[in-house]
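# Compute the structure for the input listed below.
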Amino acid sequence: MKNIQLLLLFSLFISLQSCDFFTGLATENAEKKCGEITEPEVWMESGNSIDIHVECDLIISSLVEVDEGVSILVEDGASIIIKDGGAFEVNGRSDQLVKIFGTGNNNVPTWNGIFYNTNDLNNKLVFTEIKGAGAAPIENTAGKKSASAAVEVLGTLKMSNCLITASAEVGVLINQSDLITSDIRDFSENEINNCGEYPVLIAANNLSSISADLASCSFADNGSNMIKLYKGSENSLIGNHVWDNPGVPYYLSDELTIQGGLELNAGVEMVMQRSAEIYINSSSDAYYFKTSGTPSQQVIIRGEESGLNSWPGIWYNSNNTQNQLNNTTIIGGAVPSASSTKSAIFVSGLNAPGSSLSINNVRIEDSECALRKGPFASISGQSTINVPSTINVLCD
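Residues are numbered from 1 along each chain as shown. Modelled structure (predicted):
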């Protein structure tokens, strides 16, 4: 009889767990939040296992400050949305993290995440652990990228020393729309793990603001352990940009049309989707594309798929002295041509002064031809191109 009673109690224990009974007990003394916050608030540690219980979508339209050590439980399907006039300033410490989590276990996303849709300079996530977010995309705003993300930014944010785990798609989405380009004031020492797709998804025009800091971050066990770039509301890369090596590849899913300048520093690896061409789009000397690899830290640009002609390659249509390929390996590039032969690099120039390119220690693999040029193209350093015996160095 005693064993039967113990078995019944154990069964009741399991049943209560499945009904979120213990979550209910833990939140009994928590401060309840739901709806819109229109006046400043400070959330402090209360001594309870859960300090704040977000019961439904929470709209923050004033300043909310979160002190170190606070635990925040967010109900299934709910979001924390910071709008104009609002700021969400989360101030954890290394020894007292702020923890924001859902009702599921660590590997199941159950709530939708945090959406910074404001340019307030108080927006901050510091020493914060975010678990189980990114269950579904947060509210749509015209022109922005839609993805399930634990943290989405369409405005400004300082984010450092944060741990994000188990988003359905993306850890951090740095967005832009027709009206707003995000400003990330700091993105350092963050750890993003076990997301279904990418740790970071970012509009290409925003990348320069965080690329130097990405090497301080850690990305592991994500579905695609790469930084994914997309075109955003603008179809071109505008202005001058420098992209540093984040320790994982950049992934381009769209063509990259450069209407400005782009330099890839030593060690950068770019993975190109089948339709992702690099095009330097100017008939003058205004725009450029430069790689600055070193003998020990090559820049690598390769197709996502292996094999011959796996992405469209690099097309120079610019007469700029910054057009340079230094210590670079290009794998699978195939700029289309009128003939059957495709090249990894095309330097165009139908009319004077044409386009120009300087080459220093470049290796070409998995292309039909390394280099093709127009009648007025100017190319130096062709002798430093290294190709397998099956590839032509130059084809007209």
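# what's the burial count for the residue nearest to residue 110 when sequence neighbours are not counted?
Distances taken as C-beta to C-beta, 6 or more residues apart in numbering place residue 102 nearest to residue 110, at 3.7 Å, with adjacent residues excluded. The C-beta positions use only the backbone N, C-alpha and C, and glycine is treated the same way. By the criterion of other C-beta atoms under 10 Å, residue 102 has 27 neighbours.
# what do you get for residue 50?
Residue 50: 20 surrounding residues under other C-beta under 10 Å.
# and it, what does it touch?
Residues near residue 50 by C-beta atoms under 8 Å, 6 or more residues apart in numbering: 26-27, 30, 71-73.
# List phi and psi for it.
Main-chain dihedrals, residue 50, degrees, to the nearest 10: phi -130, psi 130.
# I'd like to know how far residue 36 sits from residue 74.
According to C-beta to C-beta, to the nearest Å, residue 36 and residue 74 sit 16 Å apart.
# cool, and residue 159?
Distance, residue 159 to residue 74, using C-beta to C-beta: 18 Å.
# Of those two, which one has the most company?
Neighbour count, other C-beta under 10 Å: between residue 159 and residue 74, residue 74 has more, with 30 against 27.
# Report the beta-bridge partners for that one.
Applying DSSP bridges to residue 74 gives these bridge partners: residue 54.
# just to revisit the earlier point, mind telling me the two of the contacts of residue 50 farthest from one another?
Spatially, the most separated pair among the contacts of residue 50 is 26 and 72, at 12.1 Å (C-beta to C-beta).
# of the two, who's got more company?
A direct count of neighbours by other C-beta under 10 Å for residue 26 and residue 72 places residue 72 higher, at 23 against 16.
# in the chain, which helix or strand is least confident?
helix 2-18 (a mean of 40; mean pLDDT, DSSP states H and E).
# Next, the contact list for residue 346, please.
By C-beta under 8 Å, 6+ apart, the neighbours of residue 346 are 313-316, 335, 337, 371-373.
# how does it look with 10 Å?
Residue 346 sits next to 279, 312-317, 333-337, 355, 357, 369, 371-374, 377 when contact means C-beta atoms under 10 Å, 6 or more residues apart in numbering.
# so what's the backbone phi/psi at residue 384?
Backbone geometry at residue 384, expressed as degrees, to the nearest 10, gives phi -90, psi 0.
# now the strands: where do they sit in the stretch 101-250 of the chain?
Along the stretch 101-250 of the chain, counting by DSSP state E, counting those that start in this stretch, strands occupy 113-116, 124-126, 128-131, 149-153, 156-160, 163-165, 170-174, 183-188, 191-193, 198-203, 218-220, 227-230, 237-243, 250-252.
# Within the sheet, what are the partner strands of the last one, with directions?
For strand 250-252, the paired strands and their directions (DSSP bridges) read strand 227-230 (parallel), strand 269-272 (parallel).
# Can you spell out which helices and strands pack onto the next helix or strand after it?
Next along the chain after strand 250-252, taking DSSP states H and E as the criterion, comes strand 256-265. The elements that strand 256-265 packs onto, with contact taken as 3 or more C-beta pairs under 10 Å, 6 or more residues apart in numbering; DSSP states H and E, are helix 211-214, strand 237-243, strand 269-272, strand 278-281, strand 288-292, strand 299-303, strand 314-317, strand 324-331.
# and if we set it to 8 Å?
strand 237-243, strand 278-281, strand 288-292 (3 or more C-beta pairs under 8 Å, 6 or more residues apart in numbering; DSSP states H and E).
# Could you tell me the per-residue confidence at the closest residue in space to residue 127 that isn't next to it in sequence?
Excluding its sequence neighbours, the residue lying closest to residue 127 (C-beta to C-beta, 6+ apart) is residue 92, at 3.2 Å. Residue 92 carries a pLDDT value of 97.
# contacting residues for residue 92?
Here residue 92 is in contact with 66, 68-69, 98, 126-129, 161 (criterion: C-beta under 8 Å, 6+ apart).
# Looking at those, which is nearest residue 183?
So of those, ranked by how close each gets to residue 183 (C-beta to C-beta), first place is residue 126, at 16.9 Å.
# about what we covered before: okay if I get the strands of the stretch 101-250 of the chain as JSON lines plus distance to residue 286 and mean pLDDT?
Listed next are the strands of the stretch 101-250 of the chain as JSON lines, based on distance: least, C-beta to C-beta, whole Å; pLDDT from 0 to 100:
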{"stretch": "strand 113-116", "distance to residue 286": "34", "mean pLDDT": "97"}
{"stretch": "strand 124-126", "distance to residue 286": "38", "mean pLDDT": "98"}
{"stretch": "strand 128-131", "distance to residue 286": "42", "mean pLDDT": "97"}
{"stretch": "strand 149-153", "distance to residue 286": "31", "mean pLDDT": "96"}
{"stretch": "strand 156-160", "distance to residue 286": "30", "mean pLDDT": "96"}
{"stretch": "strand 163-165", "distance to residue 286": "39", "mean pLDDT": "96"}
{"stretch": "strand 170-174", "distance to residue 286": "27", "mean pLDDT": "96"}
{"stretch": "strand 183-188", "distance to residue 286": "25", "mean pLDDT": "92"}
{"stretch": "strand 191-193", "distance to residue 286": "37", "mean pLDDT": "97"}
{"stretch": "strand 198-203", "distance to residue 286": "22", "mean pLDDT": "95"}
{"stretch": "strand 218-220", "distance to residue 286": "35", "mean pLDDT": "97"}
{"stretch": "strand 227-230", "distance to residue 286": "22", "mean pLDDT": "95"}
{"stretch": "strand 237-243", "distance to residue 286": "11", "mean pLDDT": "94"}
{"stretch": "strand 250-252", "distance to residue 286": "22", "mean pLDDT": "97"}
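# Out of those strands, which gets nearest to residue 56?
Nearest to residue 56, of all the strands of the stretch 101-250 of the chain, is strand 113-116, at 14.5 Å by C-beta to C-beta.
# same for that closest one, what does it pack against?
For strand 113-116, the elements it packs on are strand 79-82, strand 149-153, judged by 3+ C-beta pairs under 8 Å, 6+ apart.
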